[in-house]
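Curious how this folds, go ahead:
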Amino acid sequence: MSDDQETKPTETPKVEEEPKKKEEEDKVKEEESTATFEPVVKLEEVEVKSGEEDEETLCSYRSKLFVYGETLLDKGSGKKTWRERGIGEARILRHREHQRIRFLMRQEKTMKVIANHALDPRIRLEPNAGSDRSWVWSAFDFAEGELEEKVFALRFANSDVATEFKETYEKYQKEMESLLAGEDKPDESGEADEAAEALSGLKTGDEE
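Model (predicted):
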């Protein structure tokens, strides 16, 4: 057999993309859903009020609040213990109109009010036994929707923050005292009690 007659290997032709397959893929892309769905029930935006719209924040301290009293299981037994109310920002607020000042604290996750009382000039912050970073005091509080005398303890990150809080608290107590007493007049008419009762008019969003 001559060289010319030798069988030459045939080249395998390149497989070109089948036009039909390409058309199908293009069709699938074109048929991708572009539909929009309207909600069955349309909800209107509702403005949520916190009850603090007419107040300015004078100071804020991150801390943990405790209250001294009976638990639900010990209700009526007279047995009292310290219970944690929550962690959050302990704030002092001043009303822009009548200038009265209050202490307000919300639990940081739920935003539930856990302390809400006027800065009664008679309140005294006392050191908590065995700690230099917490204070104990009693006040007529409105956090539960009605005035109740409660004993609180507030614990801070360190003693420096605790000291600063006490100084700030007492500073605004003096402002409240001057406001209630008419600058010079002593509080003989029970205006400090009236300030506590006035908290019923300072509702938070939780009470509405």
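
Contacts for the biggest helix by length in the chain, please.
Counting residues, the longest helix found in the chain (DSSP state H) is helix 159-181. Residues outside helix 159-181 that contact it (Cβ atoms under 8 Å, 6 or more residues apart in numbering): 58-59, 61, 63, 90, 92, 94, 99-101, 103, 118-121, 123, 125, 132-135, 154-156, 187, 191-192, 194-195. Every residue, glycine included, has its C-beta placed from N, CA and C.

Same check on stretch 94-114?
Applying Cβ under 8 Å, 6+ apart, the contact partners of stretch 94-114 are 52, 54-56, 58, 63, 65, 85-93, 115-119, 139, 143, 169, 172, 175-176, 179, 195, 198-199, 202, 204, 206-207.

what sits against Asp132?
Contacts of Asp132 by Cβ under 8 Å, 6+ apart are Ser159, Ala162.

and with 10 Å instead?
Counting by Cβ atoms under 10 Å, 6 or more residues apart in numbering, Asp132 makes contact with Phe156, Asn158, Ser159, Asp160, Ala162, Thr163.

Checking Gly145 next. Helix, strand or coil?
On the three-state scheme (DSSP: H, G, I helix; E, B strand; the rest coil), Gly145 is labelled coil.

That one - how many residues pack around it?
13 (other Cβ atoms under 10 Å).

Could you list the low-pLDDT ranges of this structure?
Applying pLDDT under 70 to the chain flags the ranges 1-39, 41-43, 45-48, 50, 183-208.

Sounds good, over and out.
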